[in-house]
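>>> Sequence first, predicted model second:
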Amino acid sequence: MRALVTGGAGYIGSHAVRALAARGHEPVVFDNLSRGHREAVIDAPIIVGDLLSPGDTAQAIASSRAEAVLHFAGLTYVGESVGHPDVYYRNNVAGTMNLLDAMREHRVGTIIFSSTAAVYGDPVRLPIDEDHPLAPVSPYGRSKLMVEWMLRDRAASLGLRYVALRYFNAAGSSLDGRIGEDHEPETHLIPRVLLAAAGELPELTILGTDWDTPDGTCIRDYIHVEDLAEAHVLALDHLAGGGRSASWNLGTGKGCSVREVIACAEKVTGRKVPLVEGGRRAGDPAVLVAAADRIQRELGWRPRHLDLEAIVASAWRWVERGGRYARLAAARGAGR
Ligand code: UDP
């Protein structure tokens, strides 16, 4: 299927593009490269343009002759969204409205949307299934939930068909080490632990050691980015085969604490991670773990990387290669 992939130069989008191409689909990336990387786009053409421009967006849908859209483009930092809610609502909500209008104009009726566990807010029960109350606690989470509502309402009256995939903690890099996580600034735990192990960060600060968890640090459900990518292919095939619209969690169902991630990183790298114990980060819940069996039951999706060590090892391969697209490009330029 010809599929327009918004945000296809970003972390999760770029892995999904490769998974789509590997399964015989024809992805075309649409990205403004504000946070994505041209070098992350492998196996697909790229159209550089902005979802905030209705003209760029309609042009991308038309010129790609897309039959479906995978929508990864969006801003994803909880903390940033608190300081700049205007920017988050404009990019994540208004940008998606432009996309949905362009899809309608060009009769594209199928979309897979990157949603997030942040739509649930602070968990009232664990693990979190799809029927858990939706009560996001940040502008980021609210912007994603607003899009889910738009999708649901347009499905009810305008014939749109959608799947919203609610990611827990995406982690790792492609197994061949060609693409990986390159955020600026990098705020995520696993890359920061590895950068500290590599000596590129002076230390790793543990954000809270007094949580109500067995070792006092936060627990998250880390899911390998290639498993996330695979779920998008299955969701696309599901809709293409006439399947119903749905929102599904993507996680492993297994929680790991910050200290467990650090111990795992020390084992994988063979290095000591310099540590500082710091205070809690605003907005962090103590525990986020998915009940992820619904998509397994309904689509037959199975995460292949259930072992934290395998996830951290793939992230480490990427850091060892340079861990930054700009660095890899410079090394190539220098003939290394
Ligand atoms: N974390 C940490 N030190 C860091 C970055 C993150 O202790 O430098 C903790 C953070 O408080 C959370 C967990 O690691 O409990 C995962 O954070 P991340 O930013 O990777 O993902 P989030 O759960 O916020 O989406």
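Okay, I see it.

>>> Torsion angles phi and psi at the residue of the stretch 101-250 of the chain found nearest the ligand?
Nearest residue of the stretch 101-250 of the chain to the ligand, counting by Cβ to the nearest ligand atom: residue 218, 2.9 Å away. (Each C-beta comes from the backbone N, C-alpha and C, glycine too.) Residue 218 adopts backbone torsions of phi -70, psi 150, taken as degrees, to the nearest 10.

>>> ok, it - how many residues close by?
Neighbours of residue 218 under the rule other Cβ atoms under 10 Å: 25.

>>> What pLDDT is listed against it?
Listed pLDDT for residue 218 reads 96.

>>> Next, the contact list for it, please.
The neighbours of residue 218, taking Cβ atoms under 8 Å, 6 or more residues apart in numbering as the test, are 207-208, 211, 257-258, 284-287.

>>> so which of the residues you listed are also by the ligand?
207, 258, 284 (Cβ under 6 Å from any ligand atom).

>>> quick one: which helix or strand includes residue 228?
Assigned by DSSP states H and E, residue 228 falls within helix 225-240.

>>> swap in residue 5?
Counting by DSSP H and E, residue 5 is part of strand 2-6.

>>> Work out the sheet partners of that strand and label each with its direction, please.
strand 26-31 (parallel), strand 68-71 (parallel) (DSSP bridges).

>>> Please identify which of these is closest to the ligand.
Closest to the ligand of those is strand 68-71 (Cβ to the nearest ligand atom; 19.4 Å).

>>> Include mean neighbour count when you put the strands paired with strand 2-6 into a markdown table, please.
Output for the strands paired with strand 2-6, formatted as a markdown table (neighbours: other Cβ atoms under 10 Å):
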| stretch | mean neighbour count |
| --- | --- |
| strand 26-31 | 26 |
| strand 68-71 | 26 |
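
>>> any chance of the ones you listed in a markdown table, with mean pLDDT and distance to residue 96 too?
As requested, the strands paired with strand 2-6 are exported to a markdown table (pLDDT from 0 to 100; distance: least, Cβ to Cβ, whole Å):
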| stretch | mean pLDDT | distance to residue 96 |
| --- | --- | --- |
| strand 26-31 | 98 | 13 |
| strand 68-71 | 98 | 7 |
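
>>> Nearest to residue 230, out of those?
strand 68-71 (12.8 Å; Cβ to Cβ).

>>> going on from the closest one, what's the next piece of helix or strand?
Remark: after strand 68-71, the chain's next helix or strand is helix 78-83, criterion DSSP H and E.

>>> got a list of contacts for that next one?
By Cβ under 8 Å, 6+ apart, the list of residues contacting helix 78-83 from outside reads 75, 87-88, 118, 138-141, 143, 187, 281-283.

>>> Give me the buried stretch members for the following helix or strand past that helix, please.
Tracing the chain C-terminally past helix 78-83 and defining elements by DSSP H and E, one meets helix 85-88 next. Within helix 85-88, the residues scored as buried using 16 or more other Cβ atoms under 10 Å are residue 88.

>>> So which residues on this protein come close to the ligand?
Contact residues (Cβ under 6 Å from any ligand atom) of the chain with the ligand: 169, 187-189, 192, 204-207, 218, 220, 258, 281, 284.

>>> Nearest to residue 227, out of these: which one, please.
Taking Cβ to Cβ as the measure, residue 227 sits nearest to residue 169 out of those, at 11.9 Å.

>>> Contact partners for residue 228?
Contacts of residue 228 (Cβ under 8 Å, 6+ apart): 12, 15-16, 165, 167, 170, 250.
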